[in-house]
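Asker: Quick one, what's the 3D model for this:
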Amino acid sequence: MIIKKLVVGPLEENSYVVADEKTKQALVIDPGDEPDRIIELIKNNAFEVKAVVCTHAHFDHIGAVGDVKKAAGAKVLIHESDMELYRGAKDQAAFWGYDLDDIPEPDGFLNEGDEVRIGNLTFKVLHTPGHSPGGICLYGEGVVFTGDTLFQGSVGRTDFHGGDMAKLKESFKRLLKLPEDTTVLSGHGPETTIGREKRENFFITEL
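Answerer: Numbers count the residues shown, from 1 in each chain. Model prediction:
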């Protein structure tokens, strides 16, 4: 498995390109900004992008979806519960002082228990609401892409539209049940492990 992380945009969001080393089939996860850098990485590695997966629909995670979709010819997948946020992303960005290009409609929806396959790699969809209604994580191959549900030492905010603290607590507890050696690749900040978060995450005291 190949995992490439690009920190993009003024909010320093983590965009990921994940590929099967043998087949070069790939996923782009949360292309939030700077599409030229993401597209260049794809082309330089000769990746065949099968899908663009959005862990949630906040503007800093989907800002480059349109350009990446067009360049790669890949389908865009999100959880349907985030469609209100997705369609309102341009206004959401403007509120924060950012200009966002038009975002294409998704090509399909990901639900709890679905599997996303690229080459010989398989990732299971975990619906983890709280930071947003349709927040998802992708779990498999010893890693979990958590979007803004879980960070190193922290969790996502719930004071945005659609946030829900009670649901975030349940999603957090669910993620902590994954194997402790699972690598956590989040939407902002450095990587961590489930074991480390069980020991050190401040949110443990909020449960």
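
Asker: can we go C-alpha only for contacts and neighbour counts from here?
Answerer: Fine.

Asker: What lies in contact with stretch 149-169?
Answerer: For stretch 149-169, the external contacting residues (C-alpha atoms under 8 Å, 6 or more residues apart in numbering) are 128-133, 135, 148, 171-172, 184, 186-192, 197, 200-203, 207.

Asker: I meant to write stretch 95-114 there.
Answerer: In contact with stretch 95-114 (C-alpha under 8 Å, 6+ apart) are residues 59, 62-63, 65-66, 75-80, 87, 89-90, 93-94, 124-127.

Asker: repeat for stretch 181-193
Answerer: With contacts defined as C-alpha under 8 Å, 6+ apart, stretch 181-193 is touched by 12-15, 30, 61, 142-152, 180, 194-195.

Asker: re earlier: what about the contacts of stretch 95-114, which are in strands?
Answerer: Among the contacts of stretch 95-114, the members found in strands (DSSP state E) are 75-78, 124-127.

Asker: which residues of this protein fall in strands?
Answerer: For the chain, the strands identified by DSSP E occupy 2-8, 13-19, 25-29, 48-53, 75-78, 108-109, 115-118, 121-127, 136-140, 143-147, 150-151, 154-155, 183-186, 192-193, in order along the chain.

Asker: Okay, now the sheet partners of the last one, with direction.
Answerer: I take that to be strand 192-193. For strand 192-193, the paired strands and their directions (DSSP bridges) read strand 183-186 (antiparallel).

Asker: I'd like the average pLDDT over the partner strand.
Answerer: Strand 183-186 comes out with an average pLDDT of 98.

Asker: before we move on, what about stretch 34-51?
Answerer: 98.

Asker: For residue 47, give me its contacts.
Answerer: Residues counted as contacts of residue 47 (C-alpha under 8 Å, 6+ apart) are 19, 24-26.

Asker: Do me a favour and get the backbone dihedrals for it.
Answerer: The phi/psi pair for residue 47 (degrees, to the nearest 10) reads phi -80, psi 140.

Asker: What separation do you get for it and residue 59?
Answerer: Spatial separation of residue 47 from residue 59 under the definition C-alpha to C-alpha, to the nearest Å is 25 Å.

Asker: Tell me how many other residues surround residue 155.
Answerer: Residue 155: 21 surrounding residues under other C-alpha atoms under 10 Å.
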